[in-house]
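Trainee: pasting a predicted model and its sequence here:
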Amino acid sequence: MTQVTEKPAATKGLIERMQEHGHEEVLFCNDSTTGLRAIIALHDTTLGPALGGTRMWPYASEADALEDVLRLSRGMTYKSALAGLDLGGGKAVIIGDARKDKTEAMFRRFGRFVDSLNGRYITAEDVGMSITEMVNIRKETNHVVGLPVSMGGSGDPSPVTAYGVYCGMKAAAKTAYGSDDLNKRKVAIQGGGNVGRHLVDHLLKEGATVYITDIHDDKLAAIKAEHPAVQLVKPDEIISLPVDIYAPCALGATVNDDTIPKLKCSVIAGSANNQLANEDKHGRALMEKGILYAPDFLVNAGGIINCAWERRGYNQQAALSQTEDIYRTALTIFKRSQDEKIPTYLAANQAAEQRVRSMRQAGLGF
Ligand code: NAD
């Protein structure tokens, strides 16, 4: 019998790593004049052009940047597939410090690389980017979404993302407690940024008790000024608060070996991407602990739904209405997870993979 030994990611060849999760194409971009170093990954374009944001981050190594873009682009395929969009999954990363390395020339050069993919990749804003960079990219390519309303775009997607998280949270409550009413439910939000602060609004309107934390006091002060009923807590208190629902709306990997034993909630539903530090290990640990996890790429799809509507001619009401479908999809995923006794993340992955596979088999792809 042949023994198969798993090689560490760093020793695997690039094509071998692309084969692992079925990535179609990876474009390495280098421009010494502007200092641009970027990687664009197209995971799967069966359902449509690969749409996913560009992230600018001071990665410690190229290997880290590659790992991030491969993982994030795959997540985008799953997100769009589950949201019922005719879009594939892609992502781009730019290696650099967003506070000091940005120039117009760099982003216009990046726009040329995006354009060279002839619409197979459509970019948008992600961590470290702002509307200014998106406008500069747009000077060199049409394949950009999330542009300002003044340029015919859909503007900031965060309110729609927050609405989708709220819909997914209600579906989780319905499954966990038998009612989707969030009145008097206690919800702990980690991160008072663009999504977190809009989520506060929906929850307070429904009568929930809302706790929120952020590492920046000025953000918390602004939320408190707008919503006096919200309760502010310290960043290290949020995980162990005795609440019904934990809503991670800051960074990824906050559900891990260290935090799971401290969690007192029965539902996790938030916007942050890649909440589970290790998808399988921590997805199963939550199931064993009786915590219902609403898969992040399922409930945070409002932003991409908004971007998809920008491509058709933006209509915010239509985008919000399609975002409400997250409620029904989440109920289906939770039921599948219960019926098949599998973690919710796996039920969501399988549903997304099924849609991609069936379109590919029927020859209905992009
Ligand atoms: P944001 O940068 O506006 O907000 C994140 C907030 O989290 C910031 O205020 C930051 O200070 C805070 N934060 C960081 N580390 C923290 C910590 N340890 N404890 C407490 N607070 C901390 O980002 P956003 O647009 O609100 O997005 C939030 C998350 O949702 C991100 O992970 C993002 O990738 C994801 N997401 C956002 C959208 C969208 O439409 N904006 C769509 C899909 C997914």
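Mentor: Yep, it's here.

Trainee: quick one: name the residues of the stretch 1-150 of the chain near the ligand.
Mentor: Contacts of the stretch 1-150 of the chain with the ligand, taken as Cβ under 6 Å from any ligand atom, are absent. For every residue, glycine as well, the C-beta is placed using N, CA and C.

Trainee: what about the stretch 1-150 of the chain, any weak spots by pLDDT?
Mentor: Counting by pLDDT under 70, the ranges of the stretch 1-150 of the chain that qualify are 1-10.

Trainee: that one: helices as residue ranges?
Mentor: With helices called from DSSP state H, counting those that start in this stretch, the stretch 1-150 of the chain shows them at 14-21, 62-82, 104-116, 131-138.

Trainee: and for the stretch 251-366 of the chain?
Mentor: Taking DSSP H, counting those that start in this stretch, the helices of the stretch 251-366 of the chain run over residues 279-289, 296-299, 302-312, 316-323, 325-340, 344-361.

Trainee: for those, which one sits closest to residue 169?
Mentor: For residue 169, the closest of those is helix 296-299, at 7.1 Å, according to Cβ to Cβ.

Trainee: which outside residues touch that closest one?
Mentor: Helix 296-299 has contacts (Cβ atoms under 8 Å, 6 or more residues apart in numbering) with 75, 78-79, 82, 164-165, 167-169, 248, 269-275, 326, 329-330, 333, 348.

Trainee: from those, which would you call buried?
Mentor: The neighbour-count test (16 or more other Cβ atoms under 10 Å) marks 75, 78-79, 82, 164-165, 167-169, 248, 269-275, 326, 329-330, 333, 348 as buried among the contacts of helix 296-299.

Trainee: hmm, residue 329 and residue 167 touching each other?
Mentor: No. Using Cβ atoms under 8 Å, residue 167 makes no contact with residue 329, being 9.5 Å away.

Trainee: mind checking how far the helix or strand harbouring residue 172 is from the chain centre?
Mentor: For residue 172, the host element (DSSP states H and E) is helix 158-177. In terms of Cα atoms, centre = their mean, to the nearest Å, the centre of helix 158-177 is found 14 Å from the chain centre.

Trainee: next: stretch 355-366.
Mentor: What separates the centre of stretch 355-366 from the centre of its chain is 24 Å, taken as Cα atoms, centre = their mean.

Trainee: ends of it, what's the gap?
Mentor: 13 Å (Cα to Cα, to the nearest Å).

Trainee: follow-up on the earlier one: elements contacting the helix holding residue 172?
Mentor: Judged by 3 or more Cβ pairs under 8 Å, 6 or more residues apart in numbering; DSSP states H and E, helix 158-177 is in contact with helix 194-205, strand 245-248, strand 267-268, strand 292-293, helix 296-299, helix 302-312, helix 316-323, helix 325-340.

Trainee: pairing partners for the second one, with directions?
Mentor: Put plainly, it is strand 245-248. Sheet pairing for strand 245-248, assigned by DSSP bridges, gives strand 186-190 (parallel), strand 267-268 (parallel).

Trainee: what's next to that strand, contact-wise?
Mentor: Outside strand 245-248, the residues touching it (Cβ under 8 Å, 6+ apart) are 165, 169, 172-173, 185-191, 196, 199, 238-239, 254-255, 263, 265-272, 275, 296.

Trainee: how about 7 Å then?
Mentor: 165, 169, 185, 187-190, 199, 254, 263, 265, 267-270, 272, 275 (Cβ atoms under 7 Å, 6 or more residues apart in numbering).

Trainee: kindly report the same for the third one.
Mentor: Identification of contacts with strand 267-268 by Cβ under 7 Å, 6+ apart yields 172-173, 176, 244-246, 248, 255, 286, 291-294.

Trainee: could you rerun that using 8 Å?
Mentor: Applying Cβ under 8 Å, 6+ apart, the contact partners of strand 267-268 are 169, 172-173, 176, 244-248, 255, 275, 286, 291-294.

Trainee: picking up where we left off before, need the helices of the stretch 1-150 of the chain in a markdown table (columns: distance to residue 215).
Mentor: What follows is those, written out as a markdown table (distance: least, Cβ to Cβ, whole Å):
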| stretch | distance to residue 215 |
| --- | --- |
| helix 14-21 | 32 |
| helix 62-82 | 21 |
| helix 104-116 | 28 |
| helix 131-138 | 23 |
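
Trainee: follow-up on the earlier one: list, out of the contacts of strand 245-248, those positioned next to the ligand.
Mentor: Checking these against the ligand (Cβ under 6 Å from any ligand atom), the matches are 190, 272.

Trainee: how far away is the residue in the stretch 1-150 of the chain that the ligand sits nearest to from residue 139?
Mentor: Here the stretch 1-150 of the chain gets closest to the ligand at one residue, residue 127, 6.1 Å apart by Cβ to the nearest ligand atom. Computed with Cβ to Cβ, to the nearest Å, the distance linking residue 127 and residue 139 is 22 Å.
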